[in-house]
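Student: Sequence below, structure please.
(chains A, B and C)
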Amino acid sequence: MIGTDNNHNDNDDIGDETGLLNSDDVWQEDISNPDALTLNIDGWEGPLDVLLVLARNQKVDLRQISILELVRQYLKFIDDARSLKLELAADYLVMAAWLTYLKSGLLLPKDPEIDPSPEELALRLQLRLERLNAMREAGARLMARDRIGRDIFMRGTPEGLRIEKSRKYHCNYFELIQAYGQVSARTLPVIHMVKKRAVMTLEDALSRVSKMIGYNIGWSNIEVFLPTIIDSDDDDYNVMLRRSALASTFMASLELARNGVLELEQKDSFEPLMIRAVTSNNENQVS
Amino acid sequence: MEHLRAVEATLFASEEPLRSKDITQYVGDEIDVDAALKTLEDHYQGRGIELVRRGDRWHFQTAADLAYLLRRESDELRKLSRAAIETLAIIAYHGPVSRAEIESIRAVQISKGMLDVLMQAEWIKSAGRREVPGRPLVYVITNEFLTHFGLSSRKDLPGIRDLKATGLLDPIDMVMDEMFAEANDAEENDSESESAVDDV
Amino acid sequence: MEHLRAVEATLFASEEPLRSKDITQYVGDEIDVDAALKTLEDHYQGRGIELVRRGDRWHFQTAADLAYLLRRESDELRKLSRAAIETLAIIAYHGPVSRAEIESIRAVQISKGMLDVLMQAEWIKSAGRREVPGRPLVYVITNEFLTHFGLSSRKDLPGIRDLKATGLLDPIDMVMDEMFAEANDAEENDSESESAVDDV
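Tutor: Numbering: from 1, shown residues only, chains lettered A, B, ... in the order given. Next comes the predicted model:
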């Protein structure tokens, strides 16, 4: 006869074996979990736990336990719990139903259609009990070992070890200069500037020639009216500017000639182009 | 002799177990640390202090047989619940294991904080994920575990050889899984009305 | 021998130096603790661990002549990060500069430790505060910097034109380069009156 109370005692026996399995030792969070509390009131951890304790009660090797007897004891445990109005979680009842099924399968004549067979199921149950039992015993053996801080001690006041790493940094000259070049290139604002073009505008030429013509009484080469090129030491730039100045000055001269301010003369193709102001003296000599 | 002294002093001063290569950092390359450790191990044999190796780390500790003189009750060591002890044992013997695998062996759910507490005690650590659907984290025991329980390596776990030989550490049989999954499903359906414990 | 072991282990595990009578509490009356202490003292003579007496208390400690092992310095050669090199270059070219100015030139924030790293390397130093709101610290390069990079003065640093000639500047636009050269010249002229650096 195994009643709920007896089971409880058996459970305490296990606790005494290891000195560590008493209900006092339950984790804080287990107690704070109301559902776990339902189970832990009796010290059980689920139906397999109950089955394992019942199986060990048969006082034989787990491999030789009587599954039918085990089922009978479990169902009795459930009945007892119910009659004591102990609240049982669903998984206990599911296990009871499953064991009832297993029991009937084991008792009824063999039906080869059923897969897996009741015998196989029974074997698997027995294996699971063995596995859990093995871990339970392993845990107890672990806890019973000479443990650091309880039985074995490390040095009480070690001086401690320190490696003070003094870091030496490595960076060579090239990396330094390269980094600066890249910072500069990266961070410069992107600005597009139109390059100053080498030109002399017609307006500039008109005003320049108008001003200068008054001082030149005789014939002068048009080149005299060109600005002196000193803007840049870039030769290409100078050549370009000189061409532009010559073209503009020529245009300006034609314009001024049309207005009767000056007159132009060229003896032959590619000969120097001569300019002079129109005065009252030479008014009639327009060529 | 100077070599021995240097290795001895370094280990003695250290606050935690050291690997051979850690010691080299202190005593210098020119010393054969491994040879020195062997000599020291022999030297301390049978004394009140022992030089021991746990995993790949070495430390000095008091001799086990003197525990009766020195034993102290420590609250910290007593407060492990049966659930925690079993969980720790499963991780030690079956590791690397996932939470689901632990639960399947124990046939109950692990309370939320349990693995955290064991990790905080530095006895277990997570060791990557298992490449199965859901990619669960798997857990293994640590060097600190070996140190605490006085084990040179996982192979020294009490009885592990027998458990292996009898197949009790083998991966859970698929048919058994299925059987359990069915039972579990049934539980889950019931649990809406009955109990939240079964909720995953 | 058993006496020796007990006393040895007790002293080893103790968190504080123990008097002879403290040890007796652990190991029992039947042991002549004083005699054991003497024997142990001799045994540890010349080893990496010493048993020493301070007043009437005994404790183990690491041999004094090996203390240098416990606080060992080790040089660690590290490559300066890209960001740190840039910062260093900016301080070299634009110094004295404040952190905010460096950030504005790099157009990136400087991580906290970067200036510390450069100061630890002794390549930069702080050179007082700039008399502007917030009074930021300004940084300049050190003599160690010049020595390390083989420069006799800051003026030996290549100008932007030189950098361009060696292809170190990404070719973007000739005019822009020139513009930058002008800006640089302006700075250098102004750098006597510190505030101009703020314009950068």
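Student: which residues touch residue B:151?
Tutor: Remark: with contacts taken as C-beta atoms under 8 Å, 6 or more residues apart in numbering or on different chains, residue B:151 is in contact with B:54, B:145, B:157. All C-beta atoms are positioned from the backbone trio N, CA, C, and that covers glycine.
Student: now these as TSV including neighbour count, distance to residue A:74 and pLDDT?
Tutor: As requested, the contacts of residue B:151 are arranged in TSV below (neighbours: other C-beta atoms under 10 Å in any protein chain shown; distance: C-beta to C-beta, whole Å; pLDDT from 0 to 100):
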residue	neighbour count	distance to residue A:74	pLDDT
B:54	22	43	91
B:145	25	35	92
B:157	20	32	92
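Student: out of the residues you listed, which touch chain A?
Tutor: Restricting the contacts of residue B:151 to those near chain A by C-beta under 8 Å from any C-beta of the partner chain leaves residue B:157.
Student: Pick the one among the contacts of residue B:151 closest to chain A.
Tutor: Each of the contacts of residue B:151 was checked against chain A using C-beta to the nearest C-beta; the closest is residue B:157, at 7.3 Å.
Student: Just say helix, strand or coil for residue B:47.
Tutor: coil (DSSP: H, G, I helix; E, B strand; the rest coil).
Student: correct me, but it touches residue C:12?
Tutor: No. Applying C-beta atoms under 8 Å, one finds residue B:47 not in contact with residue C:12, separated by 9.9 Å.
Student: if you look at the contacts of residue B:151, which of them are in strands?
Tutor: By the criterion of DSSP state E, membership of these in strands covers residue B:54.
Student: Between residue B:47 and residue C:12, which is the more surrounded one?
Tutor: Counting neighbours by other C-beta atoms under 10 Å in any protein chain shown for residue B:47 and for residue C:12 shows that residue C:12 has the greater number, 26 against 18.
Student: ok but that one is inside a strand, no?
Tutor: No. Assessed with three-state DSSP, residue C:12 is helix; it does not lie in a strand.
Student: looking at it, it is touching residue A:153, isn't it?
Tutor: Yes. Here residue C:12 reaches residue A:153: they are 7.2 Å apart, a contact under C-beta under 8 Å.
Student: ok, now how distant is whichever residue of the stretch 151-287 of chain A sits closest to chain B from residue B:41?
Tutor: Here the residue of the stretch 151-287 of chain A nearest chain B is residue A:151; by C-beta to the nearest C-beta that distance is 3.6 Å. Distance, residue A:151 to residue B:41, by C-beta to C-beta, to the nearest Å: 20 Å.
Student: Equivalent analysis for residue A:237, please.
Tutor: In this view, residue A:237 and residue B:41 are 88 Å apart by C-beta to C-beta.
Student: and what of residue A:62?
Tutor: 41 Å.
Student: So what's the residue count around residue B:3?
Tutor: 17.
Student: Next: residue A:146.
Tutor: When neighbours are defined as other C-beta under 10 Å, residue A:146 has 17 of them.
Student: And residue A:81, by the same measure?
Tutor: Residue A:81 is surrounded by 19 other residues when neighbours are defined as other C-beta under 10 Å.
Student: sorry, back to before: residue A:62 and residue B:41: who's more crowded?
Tutor: More crowded of residue A:62 and residue B:41, by other C-beta under 10 Å: residue A:62, with 17 against 14.
Student: Phi, psi for the nearest residue to that one once chain neighbours are set aside please.
Tutor: In space, not counting the residues next to it along the chain, residue A:62 is nearest to residue A:130; the distance is 4.9 Å by C-beta to C-beta, 6 or more residues apart in numbering or on different chains. When read as degrees, to the nearest 10, the backbone of residue A:130 gives phi -60, psi -40.
Student: got the residue ranges for the strands in the stretch 151-287 of chain A?
Tutor: For the stretch 151-287 of chain A, applying DSSP state E, counting those that start in this stretch gives strands covering A:162-170, A:220-221, A:262-266, A:273-277.
Student: What segments of chain B are strands?
Tutor: The residue ranges that make up the strands of chain B, judged by DSSP E, are B:18-19, B:49-54, B:57-62, B:97-98, B:124-129, B:137-141.
Student: Switch those strands over to a markdown table; also include distance to residue A:173.
Tutor: Conversion of these to a markdown table gives the following (distance: least, C-beta to C-beta, whole Å):
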| stretch | distance to residue A:173 |
| --- | --- |
| strand B:18-19 | 40 |
| strand B:49-54 | 50 |
| strand B:57-62 | 45 |
| strand B:97-98 | 55 |
| strand B:124-129 | 45 |
| strand B:137-141 | 50 |
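Student: Please identify the most buried of those.
Tutor: Mean neighbour counts were taken over those using mean count of other C-beta atoms under 10 Å in any protein chain shown, and the top value, a mean of 23, falls to strand B:57-62.
Student: ok, back up a step: looking at the strands of the stretch 151-287 of chain A, which one has the lowest mean pLDDT?
Tutor: Ranked on mean pLDDT, the bottom entry among the strands of the stretch 151-287 of chain A is strand A:162-170, at a mean of 73.
Student: so where is chain B shaky, pLDDT-wise?
Tutor: B:73-78, B:171-200 (pLDDT under 70).
Student: Against chain B, how distant is residue A:140?
Tutor: From residue A:140 across to chain B, the span is 7 Å (C-beta to the nearest C-beta, to the nearest Å).
Student: Give the burial count for that residue, as a bare number.
Tutor: Here the number of neighbours of residue A:140 (other C-beta under 10 Å) works out to 21.
Student: In PDB, list the C-alpha atoms belonging to stretch A:75-92.
Tutor: Taking only C-alpha atoms (Å, rounded to 0.1, in the frame of the first residue of the first chain), the coordinates of stretch A:75-92 have been written out as PDB:
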ATOM      1  CA  LEU A  75      -3.100   5.200 -10.500                       C
ATOM      2  CA  LYS A  76      -3.500   4.500  -6.800                       C
ATOM      3  CA  PHE A  77      -1.400   7.600  -6.100                       C
ATOM      4  CA  ILE A  78      -3.700   9.700  -8.300                       C
ATOM      5  CA  ASP A  79      -6.800   8.300  -6.600                       C
ATOM      6  CA  ASP A  80      -5.300   9.000  -3.200                       C
ATOM      7  CA  ALA A  81      -4.500  12.500  -4.200                       C
ATOM      8  CA  ARG A  82      -8.000  13.100  -5.400                       C
ATOM      9  CA  SER A  83      -9.600  11.700  -2.300                       C
ATOM     10  CA  LEU A  84      -7.400  14.100  -0.300                       C
ATOM     11  CA  LYS A  85      -8.700  16.800  -2.600                       C
ATOM     12  CA  LEU A  86      -5.100  17.700  -3.600                       C
ATOM     13  CA  GLU A  87      -5.000  19.700  -6.700                       C
ATOM     14  CA  LEU A  88      -3.200  17.800  -9.400                       C
ATOM     15  CA  ALA A  89      -1.800  19.500 -12.500                       C
ATOM     16  CA  ALA A  90      -3.000  18.400 -15.900                       C
ATOM     17  CA  ASP A  91       0.200  16.500 -16.800                       C
ATOM     18  CA  TYR A  92      -0.400  14.100 -13.800                       C
END
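Student: Let's test this: mean pLDDT of that stretch, rounded?
Tutor: On average, the pLDDT along stretch A:75-92 is 79.
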